[in-house]
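*Asks:* need the 3D shape of this:
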Amino acid sequence: MSNSVENLYRLDGRVPLGKALPFGLQHVLAMFVSNITPIMILAAAVGLDSAISAALIQNCMVIAGIGTLVQLFPVWRVGSRLPIVMGISFTFLSLAISIAGAYGMGTLIGAVIVGGLVEGTLGLFVKYWIKLIPHVVSATVVTAIGFSLLPIGANSFAGGQGATDFGSMSNWIVGSVTLLACLLCQVFAKGFLRSLSVLVGLVVGYVLSCFMGMVDFGGLSGQSIIALPRILPFTPEFNVGAILSVVAVYLVSATETIGDTSALCNSALKRDPATREMGSAICCDGFVSSVSGLFGCTPITSFSQNVGLAAISGVVNRFTIGVGAVVMIIGGVFPVIGAALTTIPQAVLGGCTIMMFGSILFAGFGMMARAGFSQRNMVIVSLSLSMGLGFTQATGMFAIFPEIVRTVFAENCVAVVFLLAVVLNLVLPKKVQGEM
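*Replies:* Presented below is the predicted three-dimensional model:
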């Protein structure tokens with residue numbers, strides 16, 4: 001194996017652009033729809049006009065590329081130097097719709113900017129509070145992230161939640177063929193091709209969906225060749241209540257970033273993350289989210305599906321994933337590229353991602369094994385997961401609580417699991433009765 005190919009599986013080392021491009025593109029395709037969907041939903045919910053909506057979609061691609069580059073190639077202490085892909089977070093969506101609907105987009109953007117500064121500052125002082133998150137807590141959070149992603153993959157496999165053909169035979173066929181192509185490539189291919197199993201599956205599924213008439217190319221017509229990102233499309237306004245609500249959700253986002261960083265290091269790099277790496281990842285999460293606000297977008301965060309992709313492919317080279325980040329930025333500057341990527345059917349993405357999400361679960365199980373299966377750890381893991389996953393699936397479970405509690409916890413199992421795991425770790429005696 002040549003050095004350039006071996007470097008794909010190392011953090012550092014130069015990979016020829018021709019080899020780096022398909023692997024970088026694989027990361028973009030894995031997260032592209034999830035990156036633009038929160039902005040599309042927000043724009044529709046608050047009634048933004050089509051021109052502003054289109055500009056925000058461009059901006060979220062640019063900011064995802066910038067955030068990923070900062071994670072890969074840090075600026076001061078902002079950025080972990082790990083192969084983490086950043087994108088617009090779903091975690092903030094319901095709160096963003098609520099704030100923008102009640103107070104306007106300016107108030108939402110002001111809260112995003114201030115909240116990002118708070119999270120970024122927390123990242124700078126991570127060594128003072130990271131002891132609250134020992135290995136068993138990280139393992140529990142990573143497992144919760146894996147579980148939380150499974151319905152997303154399943155919904156995509158069936159055609160996308162709310163689609164008129166949801167669960168149709170055509171979606172089952174395309175999703176199954178895509179998944180089978182990924183699986184066969186992962187099991188039987190060797191070397192370079194095996195690491196591209198997700199991209200191979202995506203190409204196979206996309207070609208099949210074209211033959212089945214499931215691809216709509218109508219959005220490609222009328223696209224301008226080039227359009228520069230629009231900075232400050234909304235004038236920031238600052239409302240204390242909105243800021244406090246958004247800051248609370250930023251803490252959840254920091255939790256997810258810690259979990260993703262732990263999962264990435266344990267699954268793809270075969271080691272535990274350093275305290276500095278987790279703090280720097282959180283810094284990027286926060287400070288770049290403030291920049292996202294300047295672009296009129298909601299906060300960004302680490303993307304768990306790309307952690308799963310790194311675990312499956314083994315490709316962790318920073319330059320290679322940086323090529324993918326540049327593709328995202330180019331997609332934001334050249335609207336026709338972004339429009340072309342949106343033609344990928346949801347069933348194809350579901351077929352590609354379902355196994356990737358499962359790999360995050362596997363990483364969580366591995367972390368639990370390393371933490372040990374003591375009686376104390378069993379209580380922390382089992383109670384946190386059962387309540388976190390169970391309570392957030394029961395509609396109306398949090399109805400008696402104030403709105404800010406419902407916003408943070410009602411539909412976010414990762415937040416509930418994290419809070420319970422931290423509290424149980426603090427209050428349970430170090431040796432539970434019955435342990436040797």
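
*Asks:* residues of stretch 386-398 that come out buried?
*Replies:* Using 16 or more other CB atoms under 10 Å as the test for burial, stretch 386-398 gives G388, L389, F391, T392, F398. (Glycine included, C-beta is placed from N, CA and C.)

*Asks:* just the CA atoms of that stretch, as CSV, please.
*Replies:* This file holds the C-alpha atoms of stretch 386-398, laid out as CSV (Å, rounded to 0.1, in the frame of the first residue of the first chain):
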residue,chain,number,x,y,z
SER,A,386,-34.4,3.7,30.3
MET,A,387,-35.7,7.0,31.5
GLY,A,388,-34.0,9.1,28.8
LEU,A,389,-35.1,7.0,25.9
GLY,A,390,-38.5,6.0,27.5
PHE,A,391,-39.7,9.3,28.8
THR,A,392,-38.9,11.3,25.6
GLN,A,393,-40.9,8.8,23.6
ALA,A,394,-44.1,9.3,25.7
THR,A,395,-46.0,12.2,24.3
GLY,A,396,-47.0,14.7,26.9
MET,A,397,-44.7,13.2,29.6
PHE,A,398,-43.3,16.7,30.3
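
*Asks:* just the mean pLDDT for that stretch, thanks.
*Replies:* The pLDDT scores in stretch 386-398 average 90.

*Asks:* got the contact list for it?
*Replies:* Contacts to stretch 386-398, defined as CB atoms under 8 Å, 6 or more residues apart in numbering, come from residues 144, 147, 405-406, 409-414, 416-418, 420.

*Asks:* one step back: now the buried residues of stretch 386-398 as CSV including distance to S80 and secondary structure?
*Replies:* Formatted as CSV, the buried residues of stretch 386-398 follow (distance: CB to CB, whole Å; DSSP: H, G, I helix; E, B strand; the rest coil):
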residue, distance to S80, secondary structure
G388, 26, helix
L389, 28, helix
F391, 32, helix
T392, 28, coil
F398, 33, coil
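
*Asks:* among those residues, which two are most distant?
*Replies:* L389 and F398 (14.3 Å; CB to CB).

*Asks:* that older thread, filter the contacts of stretch 386-398 to the buried ones?
*Replies:* 144, 147, 406, 409-414, 416-418, 420.

*Asks:* out of the residues you listed, which is nearest to R194?
*Replies:* Nearest to R194 among the buried ones among the contacts of stretch 386-398, with distances taken as CB to CB, is F147, at 27.0 Å.

*Asks:* now the closest one, nearest residue through space, not along the chain?
*Replies:* L389 (5.8 Å; CB to CB, 6 or more residues apart in numbering).

*Asks:* next one: that neighbour from Q58, what distance?
*Replies:* 36 Å (CB to CB, to the nearest Å).

*Asks:* how close does C265 get to A144?
*Replies:* C265 sits 17 Å away from A144, taking CB to CB as the criterion.

*Asks:* ditto for L124
*Replies:* Here L124 is placed at a distance of 26 Å from A144 (CB to CB).

*Asks:* so where's the stretch 301-436 of the chain uncertain?
*Replies:* 338, 432-436 (pLDDT under 70).

*Asks:* ok so, going back, which of the buried residues of stretch 386-398 lies closest to S176?
*Replies:* L389 (26.7 Å).

*Asks:* so which pair among the buried ones among the contacts of stretch 386-398 is furthest apart in space?
*Replies:* The widest separation within those (CB to CB) is 20.7 Å, between F147 and R406.

*Asks:* quick one: the helices in the stretch 201-350 of the chain?
*Replies:* Assigned by DSSP state H, counting those that start in this stretch, the stretch 201-350 of the chain shows helices spanning 240-267, 275-294, 304-313, 318-333, 335-341, 346-371.

*Asks:* and the second one, what does it pack onto?
*Replies:* In this case it means helix 275-294. Helices and strands touching helix 275-294, as assessed by 3 or more CB pairs under 8 Å, 6 or more residues apart in numbering; DSSP states H and E, comprise helix 50-72, strand 86-88, helix 105-124, helix 240-267, strand 300-302.
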